[in-house]
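Trainee: Output the structure for:
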Amino acid sequence: MSTKIDYIKTIGDTNAILALKMLDSLDTNIRKQSEDVIKKYDMARLRVQDKAYIAATSDIVAKQLVTYYENNGSNLEKQEAYFYAGSVYRDLQDTPRSLEFYFKASEVAENGNRFDSLMLKNTYSNLHYLFYNVQDYPKAYEYAMKEYSLSRKIGKTELTCLTHLGMSLMALDSIERAKDIFAFALDTISSNQRLKEDTEVLCSLLFNFSYLKDSAHAARCISFLEQLNIDEGNAAMNYAFGEYYRMIGKRDSAIIEFNRILQNKSDLLRMYDASKTLLQIYDDGGDLVEANKLAKLFVSLTDSIDLGKRQELAATVKNEFQYHRDQQHEQRLISEKQQFQSWLISAIIAIIIILFSAIAVVLYRRNIYLNKLLSISNELSKQTATKDQLQAKIYEKEKELSESKILLDKKENDLKSVRIQLSDLNEELKKYSEDLKKKERLLSERMAQNQTFINLLHQSELERKAEDVIYAIRQSSEGKKDMTSADWKQLYNAIDELYPTFKDLLLKELGTFTEQQMQVCYLMRIGLSKPQIQNMTNLSRVTIWRWVKKYDWIQKIDLPTGKSVSPK
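Mentor: As a prediction, this is how the structure comes out:
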C-alpha cells in the first residue's frame with residue numbers, strides 16, 4: 001500500500017485529478033492499515049489536492065499530520081507536513097498561522113541534511129505571496145530573491161519566480177529593475193510559445209506593464225492573450241485588461257472590465273483592488289454619485305479584508321519566530337561553551353599527567369644511574385688485591401660512568417624538549433581562554449536582550465497599585481457595563497498617581513484636547529488594546545484606529561521619568 005501511494009504521488013506531479021481519483025479508490029481499505037501508512041495516505045491527499053488547486057476547507061487533517069510527524073517523522077516528512085499545513089491555512093485565509101508553518105518548513109529544510117529543494121523553493125514562493133498581500137514589501141522582496149536564487153541553483157527558473165521578483169521591486173519603487181525583469185519574462189514566454197500554460201503570467205505582465213505605462217510591452221502581451229480563448233469571468237484577465245484600457249485612455253472599457261470583477265465576487269482581493277481603481281476613475285471624471293457608491297463598497301471590502309489586522313498578526317508571527325530562532329542560537333552558544341570547558345579541563349589534566357610522567361621517568365633514570373655509581377664505588381673499594389687488576393677495573397668503570405653521563409645528558413635534553421612543548425601548550429591555553437571570554441561576553445549580551453524582551457511582557461504597574469480601578473475597567477472593556485463619570489475620575493487619579501508627569505506631557509504635546517481624546521490617551525497609557533478601548537469609549541472602530549496610530553508615542557513613554565522616548 002505504501003508503494004502504491006508513492007506511485008500515485010509521482011502521477012500527481014503531472015496529473016493531479018487522475019491521482020486524486022486513484023487515491024479515492026484506496027480509501028475503503030486504507031483505514032485498515034498501520035498508522036504510518038494512514039498518515040502517508042493523508043499527506044498524499046493533501047499534496048494532490050493542493051496541486052489540483054482544490055482549496056482546503058478544514059485544518060483537522062493538517063494538524064494531525066503535523067503532530068504525528070513532529071514526534072515520529074524524518075526531516076523530509078516534517079518539511080512536507082509543515083509545508084502543506086501552511087498551504088491549508090493559506091486557503092483558509094489565516095495568514096498568521098500560514099506564515100508560522102511556512103517558516104517552520106523553511107527552517108527544517110535550511111538546518112537539515114536532507115530536504116526537498118523544490119518544496120523549499122515553493123515555500124519561499126508562498127512566503128512572498130503572503131507578505132506581499134499584507135503589504136510587507138521588503139520581506140516579500142527578500143523571499144522572492146530566495147525563491148529566484150534557489151530556482152537557478154536547481155535549474156527550475158519558472159516564470160512565476162520572475163513575476164514575484166518584478167512585483168516586489170515595483171512595490172519598492174525600483175521601477176527600472178522591475179521593467180527589466182518583466183521584459184525578460186515576456187521574452188521567455190515568446191521563445192517558449194506555451195501560451196496556454198503561461199496565461200496567468202501573461203495577465204500579470206499585462207497589468208504590470210500597463211501600470212508602468214510601458215505601452216510597447218503591454219501591446220505584446222495583448223497580442224499573445226488574443227490568441228487564447230479565455231473566459232470573460234477570469235478575474236486576473238479582467239483586472240489586467242482594465243488597467244490596459246485605463247492606460248490607453250479607454251475609460252468606458254476599463255470600467256466594464258473592473259465591474260466584471262465586482263459582479264463575479266469570486267476574488268475578494270481583486271474586488272478590493274478593482275473598487276479602489278474604479279473609485280479613482282469616477283472621482284477623476286467628476287462622477288460623484290458613482291464615486292460615492294464605490295467609496296462605500298471600498299470601505300466595506302476594506303473591513304472584510306481587515307488588512308491592518310492581517311499586517312499586525314503577520315508581524316507578530318514574524319517576531320515570535322525570530323525570538324524562537326534567537327533562543328535556539330542562545331542554546332547552541334551555551335552548549336558550545338560547555339563543550340569548550342570540558343575540552344579545556346581534559347587538556348589541562350592530560351598536560352599535568354604528561355608533565356608528572358616525564359618528571360617520574362627522569363627521577364627513575366637518575367636513581368638507576370646513582371645506584372650504578374654506588375655499585376662501582378663499592379666494587380673499587382673491594383678490588384685492592386693487585387694494582388693492575390684494580391686499574392683495569394677502574395678504567396672499565398670510568399668508561400661505564402662516562403657512558404652513563406652521556407645518557408643522562410640525553411635524558412636532560414629530552415626533559416628540556418618536554419618543557420618547551422609545555423610552554424607551547426600554555427600559550428594555546430591562553431588563546432583558548434581569550435576565545436572563551438569573547439563567547440561568554442556574546443552570551444551575556446544575548447541573555448540581556450532576551451531578559452529585556454521578557455520584562456516587556458510583565459503586567460503593568462497599574463494592576464499592583466490601583467487594583468480598585470481594575471474591576472471597573474475590565475467590566476467596561478468587555479462591554480459588560482459603561483464607565484461612569486466617577487469611574488473615569490477614579491481612573492485619571494490612579495494613573496496620575498502612578499505617572500505624575502503624564503498629564504503635563506499630554507498638555508505639552510497636544511495642547512488642547514477633548515474629553516474623548518483624553519479617555520483614549522489614558523487607556524492607551526495602561527496598555528489596553530484597540531477593541532477594549534472601543535468598548536469603553538463607544539467610539540467608532542475607525543476613530544479608535546486613527547487616534548491610536550496618531551498617539552502611538554504614548555506607548556513609548558519611559559515609566560520612571562514620564563518622558564517620551566520618541567514623542568510624535
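
Trainee: Grab the CA positions of stretch 30-49 and hand them over as PDB.
Mentor: The C-alpha atoms that make up stretch 30-49 are tabulated as PDB, following Å, rounded to 0.1, in the frame of the first residue of the first chain:
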ATOM      1  CA  ILE A  30      -6.600   2.400   3.800                       C
ATOM      2  CA  ARG A  31      -8.100   2.700   7.400                       C
ATOM      3  CA  LYS A  32      -7.200  -1.000   8.000                       C
ATOM      4  CA  GLN A  33      -3.500  -0.300   7.500                       C
ATOM      5  CA  SER A  34      -0.900   0.800  10.100                       C
ATOM      6  CA  GLU A  35      -0.900   4.400  11.400                       C
ATOM      7  CA  ASP A  36       2.200   5.200   9.400                       C
ATOM      8  CA  VAL A  37       0.500   4.200   6.100                       C
ATOM      9  CA  ILE A  38      -2.700   6.100   7.000                       C
ATOM     10  CA  LYS A  39      -0.700   9.300   7.700                       C
ATOM     11  CA  LYS A  40       1.200   8.800   4.500                       C
ATOM     12  CA  TYR A  41      -2.100   8.500   2.600                       C
ATOM     13  CA  ASP A  42      -3.500  11.600   4.300                       C
ATOM     14  CA  MET A  43      -0.300  13.500   3.400                       C
ATOM     15  CA  ALA A  44      -0.500  12.300  -0.200                       C
ATOM     16  CA  ARG A  45      -4.200  13.500  -0.400                       C
ATOM     17  CA  LEU A  46      -3.300  17.000   0.900                       C
ATOM     18  CA  ARG A  47      -0.400  17.200  -1.600                       C
ATOM     19  CA  VAL A  48      -2.500  16.100  -4.600                       C
ATOM     20  CA  GLN A  49      -5.400  18.500  -3.600                       C
END
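
Trainee: List the buried residues of that stretch.
Mentor: Applying a neighbour-count criterion of 16 or more other Cβ atoms under 10 Å, one finds 30, 33, 37-49 buried in stretch 30-49. (Glycine included, C-beta is placed from N, CA and C.)

Trainee: Any buried residues in stretch 542-562, and which?
Mentor: Residues of stretch 542-562 classed as buried: Ile544, Trp547, Val548, Tyr551, Ile554, Ile557 (neighbour count, 16+ other Cβ under 10 Å).

Trainee: For the last one, give its distance to Pro500.
Mentor: The reference is to Ile557. According to Cβ to Cβ, to the nearest Å, Ile557 and Pro500 sit 12 Å apart.

Trainee: What is the most widely separated pair among the buried residues of stretch 30-49?
Mentor: For these, the maximum inter-member distance is 20.2 Å, found between Gln33 and Gln49 (Cβ to Cβ).

Trainee: How about Tyr272: what's its closest non-neighbour residue?
Mentor: Beyond its immediate neighbours in the sequence, the residue positioned closest to Tyr272 (Cβ to Cβ, 6 or more residues apart in numbering) is Leu301, lying 4.5 Å away.

Trainee: for the one you found, what are its contacts?
Mentor: If you count contacts by Cβ atoms under 8 Å, 6 or more residues apart in numbering, Leu301 has them with Leu268, Met271, Tyr272, Ser275.
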